Every structure is written in C-alpha cells, then in structure tokens.
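Engineer: need coordinates for the below:
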Amino acid sequence: MAARLIVIILLVVIVFIAIVAMMVIGIYNKLVTMRNRYKNAYAQIDVQLKRRYDLIPNLVETAKGYLKHESGTLTAVTEARNIAYAAAKGAASNPGDAGAMKNLAAAESGLAGTLSRLMMVSESYPDLKANQNMMQLTEELTSTENKISFARQAYNDSVMAYNTDREVFPSNLIANTFNFVAAELFVVDKPEEKVAPKVSFS
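Structural biologist: Numbering: from 1, shown residues only. Take a look at the predicted model:
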C-alpha cells in the first residue's frame, strides 16, 4: 500500500514538473517570437531609412546649382544625413537597444529639421521648384517619409506587445531568467518633430 502511494506521488510530481516545463518552454518560445517580430519590424524601418538616405545626396546635388548662396543649408543637410545614417546603422545592429534608439530618434529629428529648412529655402527659387528632377526626388522623399511613419508605428506596436508580455506574470520570471531585456520604442519626443518634413514643391 505504501509503495503504491509512493508511485502515485511520484507520478503526480512528474506530471507537475512536465506541466511546468511545458509552460516555461511555451513562454520562452513566445518571447523569442515577439522579439523576432519587433526586430523584423525595425528591419522595415531600416529599408525605408536607407532609401531616404540615398535620396538626400541627389536632392542636395540637384539643389546645389540653384542655391549657390545657401551652401550652409546644403552642408547642414548633408551632415545631418550622415549623422542619421550612422545612428541607423547602430540601431540596426541591435534594434530595441535604448541607447541606439534614442540616438536614432535624435539624429532623425535633426535631419527632419534640416530638410525642412532646405524645403523652406527652396520655395524662394521658382526655377528649382520647376526642375523635373527636383520634383521627382521630393515626391519620392515624401512617399518614403510616409512609409517610414507607417513602419515606425508597426515597430512601436511590436515593441509594446513584447514589453508588455515580458513584464506580466509568469512571463516576467522567464524573461528575467533568460535575459529578455526591454526594447526601446522609436519615438520622436517633440510634437513638431512628429510631422514628416514638408517636401512638396506644389
């Protein structure tokens, strides 16, 4: 009788351990999946940022012939583009890293500001506004800015879901044990910086 009771207790313990192990594996796999989702969402931002970074030198080159007295503005755009490009490379190597994402947000804000200044200055040059190449570049840039906004929203949604899941019980126990660190949102702090730079020549 005692031996039978021991066997039953052992079976209950084994079943309990198996259930706990399956829960741990399930939670771990879910966290991995959600982390991969936000990394993939950042990859979509990265594609669009690279596209914009490739467009900007062409935009500056086209404007250069018309804006001879605005070389400071053109230089500022080029420098801001290079800073943002470097920040984007840092963020791409580890999406969700707090420092990298804050650097990228700051660099993107700086780039948006210099692009806005370039567009405001360009309004004073009718020949530049009418230039076919400039119109095409600004249209592509506007389209890319919109894609970046949508991609950033998708990334932030993925990060929010991941962060929420890693903070709730019992996921937080697994997240802390296996070093699932919180991911950083890609947020532009100032309201005026949330608006994509105006690139229309119409």
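Engineer: what helix or strand is the residue nearest the centre of the chain on?
Structural biologist: With distances taken as CA atoms, centre = their mean, the residue of the chain nearest its centroid is residue 42 (4.6 Å). Using DSSP states H and E, residue 42 falls within helix 2-64.
Engineer: mind listing residues that contact the helix or strand just after that helix?
Structural biologist: Scanning forward in sequence from helix 2-64 by DSSP H and E, the next helix or strand is helix 71-93. Here helix 71-93 makes contact (CB atoms under 8 Å, 6 or more residues apart in numbering) with 42-43, 46, 49-50, 53, 56-57, 59-60, 63-64, 67, 97, 100-101, 103-104, 106-108, 110-111, 113-115, 117-118, 121, 186. For glycine as for every other residue, the C-beta is placed from the backbone atoms N, C-alpha and C.
Engineer: what angle do the helix or strand just after helix 71-93 and helix 2-64 make?
Structural biologist: Next helix or strand after helix 71-93 toward the C-terminus (DSSP H and E): helix 98-122. Here the directions of helix 98-122 and helix 2-64 differ by 20 degrees (axes from the mean of the first three to the mean of the last three CA atoms, to 10 degrees).
Engineer: what is helix 98-122 packed up against?
Structural biologist: With contacts taken as 3 or more CB pairs under 8 Å, 6 or more residues apart in numbering; DSSP states H and E, helix 98-122 sits against helix 2-64, helix 71-93, helix 132-167.
Engineer: show me what the first one is packed against.
Structural biologist: Right, helix 2-64. Applying 3+ CB pairs under 8 Å, 6+ apart, one finds that helix 2-64 contacts helix 71-93, helix 98-122, helix 132-167, helix 171-177.
Engineer: and the last one, how far from the chain's centre?
Structural biologist: Shown here is helix 171-177, whose average C-alpha point lies 25 Å from the average C-alpha point of the whole chain (CA atoms, centre = their mean, to the nearest Å).
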